[in-house]
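Participant: whatever this is, show me its structure:
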Amino acid sequence: MKRLFAVLSLLMVASVALGACAAPFDCDDAIGCVDIAPGDPIHIGAMLTISGATAFLGEDSRGGVEIAIADRDTELLDHPIQLTVEDSLCSAEGGQTAATKITADPTIVGVIGTNCSSAMTAAMSTMSASGVTTLSPTNTAPALTLIGEEYTWEPGYFRVCHTDLFQGAVAAEFAYNELGARTLATIHDGSPYADQLQEVMAARFAELGGTVTFQGAVNVGDTDMRTILTTVAADTPDVLYFPIFEPEGPFIVAQSSEISGLEDTILIGADGLLVAGFPENSGENAIGMYLSGPYVSGASYDEFLTKWDDQIGGVPPSGFHAFAYDATNILLDAIEEVAVVDSDGTVHIGRQALRDAVTATTGFDGLTGVLDCGQKVFGEGLTANGDCATGEALGVFKITAAEVLEDNWPPPVEYTP
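Facilitator: Predicted coordinates:
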């Protein structure tokens, strides 16, 4: 009889244990969970500009994302990793369209994107409200992460690239201290990226003691830049800074030699023109000009470039691929950290938990430096959420005859802060 009771007791304990294992997962995450069944993929998205004149940015970023996934043998938590890419173009309309498509799929856990600040400005509210975590490899407009009613940031948005609070200052300090410039003119294209970057550059240049002679704009799609260049030339500035994109940037360079008063003006562009096709599209006037933008070096980066050549071919077309690689790894590490895995392999990912894990990322040793995604305070009391970069991966490049005439890329770095 005692043996029978013992057996029954063991059976009851086993039954309770099995019932506990089989109990359904109870999601208590503040904004919900993504549940991934055994064998189903862990699904991440990308909103990148993969068509039109700025497609080089999207292809550059996509390569970094794909290499990061390949480094994990395309698996995470014993589930395959699925990547869905939506074309966000480089516009508000494109960003909103891509965000609508991405957020319509409840299986997508996180997103890499966008490439252009204008696209993210439009997509921000949709992405934040959906609960999806978004990390950009290339959005540099300061307003995207600054906190305040006049700014753009909403919960769930992060960027791994530099804010232009860094890039604009680097460009100004290079122009004033290294080139000896004392007068500056700027041209933007009305986009959040270009307008905010030239404003930071101009403000820092003035702080250093320089004089800003002109700040004006062209329209996206303009081809004749002679009128605005003539206005710029009236004050014969030492430097003309135009942080815009192709094809407008090359038109400015190509037509600058036609304008009296610009003979000695030094041309400086920014990372929107840091693309392999820019020197050829601009012509010989580009020889001797400068571009500010990402600068990454070191043994780990050299290894990454070898992977790029093996898996994609050639060299990256722009300068943000390493940021895309780091952004993807931060996202995948955070997913791995917060995931709850059932005994049958089902994975549960809390959306708020994922955002919190990315925010808590600190000391991340990436290709682009040691990254920290916590809150930051910039000069004049500006507070930002979601800025992971420290501004260390920046430089100023000089276009030489080798880039224009011999298809050399990338150009040599002239200055690092």
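Participant: every contact and neighbour count from this point should use C-alpha atoms.
Facilitator: Noted.
Participant: so how far is residue 69 from residue 404?
Facilitator: Distance of residue 404 to residue 69, computed by C-alpha to C-alpha, to the nearest Å: 34 Å.
Participant: output stretch 395-415 as PDB - backbone C-alpha positions only.
Facilitator: What follows is stretch 395-415, C-alpha atoms only, in PDB (Å, rounded to 0.1, in the frame of the first residue of the first chain):
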ATOM      1  CA  GLY A 395      36.900  62.500 -40.800                       C
ATOM      2  CA  VAL A 396      37.400  64.900 -43.700                       C
ATOM      3  CA  PHE A 397      38.400  63.400 -47.000                       C
ATOM      4  CA  LYS A 398      40.200  65.100 -49.900                       C
ATOM      5  CA  ILE A 399      39.200  64.300 -53.500                       C
ATOM      6  CA  THR A 400      42.300  63.900 -55.700                       C
ATOM      7  CA  ALA A 401      42.900  63.200 -59.400                       C
ATOM      8  CA  ALA A 402      43.000  59.500 -58.600                       C
ATOM      9  CA  GLU A 403      39.300  59.600 -57.600                       C
ATOM     10  CA  VAL A 404      38.200  61.700 -60.600                       C
ATOM     11  CA  LEU A 405      40.300  60.200 -63.400                       C
ATOM     12  CA  GLU A 406      41.300  56.800 -62.200                       C
ATOM     13  CA  ASP A 407      38.200  55.500 -60.400                       C
ATOM     14  CA  ASN A 408      40.000  55.200 -57.100                       C
ATOM     15  CA  TRP A 409      37.700  54.900 -54.000                       C
ATOM     16  CA  PRO A 410      37.600  55.800 -51.200                       C
ATOM     17  CA  PRO A 411      39.600  59.000 -51.200                       C
ATOM     18  CA  PRO A 412      42.400  59.600 -48.600                       C
ATOM     19  CA  VAL A 413      41.500  61.000 -45.300                       C
ATOM     20  CA  GLU A 414      42.900  64.500 -44.700                       C
ATOM     21  CA  TYR A 415      41.800  65.200 -41.200                       C
END
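Participant: contacts only, for residue 369.
Facilitator: Listed by C-alpha atoms under 8 Å, 6 or more residues apart in numbering, the contact partners of residue 369 are 389, 390, 392, 393.
Participant: what's the closest of the residues you listed to residue 116?
Facilitator: residue 389 (17.1 Å; C-alpha to C-alpha).
Participant: pretty sure the closest one contacts residue 158?
Facilitator: No. At 10.0 Å, residue 389 does not count as touching residue 158 under the criterion of C-alpha atoms under 8 Å.
Participant: pretty sure residue 218 sits against residue 188.
Facilitator: Yes. Contact status for residue 218 versus residue 188: in contact at 6.4 Å, counting by C-alpha under 8 Å.
Participant: please say which of the two ends up with more neighbours.
Facilitator: Between residue 218 and residue 188, residue 188 has the larger neighbour count (other C-alpha atoms under 10 Å), namely 26 against 17.
Participant: how's this structure carved up into domains?
Facilitator: 33-161+320-386, 165-295+396-415 (automatic domain parsing).
Participant: quick one: mean pLDDT over the first one.
Facilitator: Read it as domain 33-161+320-386. Taken as a whole, domain 33-161+320-386 has a mean pLDDT of 97.
Participant: measure that domain end to end?
Facilitator: End-to-end distance (C-alpha to C-alpha), domain 33-161+320-386: 21 Å.
Participant: do the same with the shortest one
Facilitator: Terminal residues of domain 165-295+396-415 lie 18 Å apart, using C-alpha to C-alpha.
Participant: chain center to it: distance?
Facilitator: Centroid separation for domain 165-295+396-415 versus its chain: 21 Å, with C-alpha atoms, centre = their mean, to the nearest Å.
Participant: try stretch 372-383
Facilitator: Here stretch 372-383 shows a centroid-to-chain-centroid distance of 18 Å under the convention C-alpha atoms, centre = their mean.
Participant: which residues does that stretch contact?
Facilitator: The contact list for stretch 372-383, computed with C-alpha under 8 Å, 6+ apart, reads 146-147, 158, 358-364, 384-390.
Participant: and the buried ones among these, selectable in ChimeraX?
Facilitator: Command for ChimeraX, covering only those of those found buried under the criterion 16 or more other C-alpha atoms under 10 Å:
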select :146,158,358,359,361,364,384,385,386,387,388,389,390
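Participant: which ones among the contacts of stretch 372-383 lie within strands?
Facilitator: Among the contacts of stretch 372-383, the ones falling in strands (DSSP state E) are 158, 364, 384.
Participant: for residue 210, state which of these is nearest.
Facilitator: Among the ones in strands among the contacts of stretch 372-383, and counting by C-alpha to C-alpha, the member closest to residue 210 is residue 384, at 28.0 Å.
Participant: how about the closest residue in space to the closest one that isn't next to it in sequence, what does it touch?
Facilitator: Spatially, and ignoring its direct neighbours in sequence, residue 384 is nearest to residue 146 (4.2 Å; C-alpha to C-alpha, 6 or more residues apart in numbering). Applying C-alpha under 8 Å, 6+ apart, we find residue 146 in contact with 152, 153, 382, 383, 384, 385.
Participant: from residue 123, how far off is residue 100?
Facilitator: 8 Å.
Participant: of the two, who's got more company?
Facilitator: It is residue 123, of residue 100 and residue 123, that has more neighbours when counted by other C-alpha under 10 Å, with 23 against 15.
Participant: that older thread, looking at the contacts of residue 146, which is nearest residue 328?
Facilitator: Looking across those and measuring by C-alpha to C-alpha, the closest to residue 328 is residue 385, at 18.6 Å.
Participant: surely the closest one meets residue 148?
Facilitator: No. Under the criterion of C-alpha under 8 Å, residue 385 is not in contact with residue 148, lying 10.7 Å apart.
Participant: tally up the residues packed near residue 209, please.
Facilitator: 11.
Participant: thought it was touching residue 183?
Facilitator: No. Residue 209 is not in contact with residue 183 according to C-alpha under 8 Å; the separation is 9.4 Å.
Participant: export stretch 338-355 as CSV, just CAs?
Facilitator: What follows is stretch 338-355, C-alpha atoms only, in CSV (Å, rounded to 0.1, in the frame of the first residue of the first chain):
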residue,chain,number,x,y,z
VAL,A,338,15.4,39.6,-23.7
ALA,A,339,13.9,36.5,-25.4
VAL,A,340,12.0,33.9,-23.4
VAL,A,341,12.4,30.5,-24.9
ASP,A,342,10.0,27.7,-24.2
SER,A,343,11.1,24.1,-24.0
ASP,A,344,9.7,23.4,-27.4
GLY,A,345,11.7,26.3,-28.9
THR,A,346,9.0,28.9,-29.1
VAL,A,347,10.5,32.3,-28.6
HIS,A,348,8.7,35.3,-27.0
ILE,A,349,10.2,38.8,-27.3
GLY,A,350,8.8,41.7,-25.3
ARG,A,351,8.7,44.9,-27.4
GLN,A,352,9.3,47.2,-24.5
ALA,A,353,11.9,44.9,-23.1
LEU,A,354,13.7,45.0,-26.4
ARG,A,355,13.7,48.8,-26.4
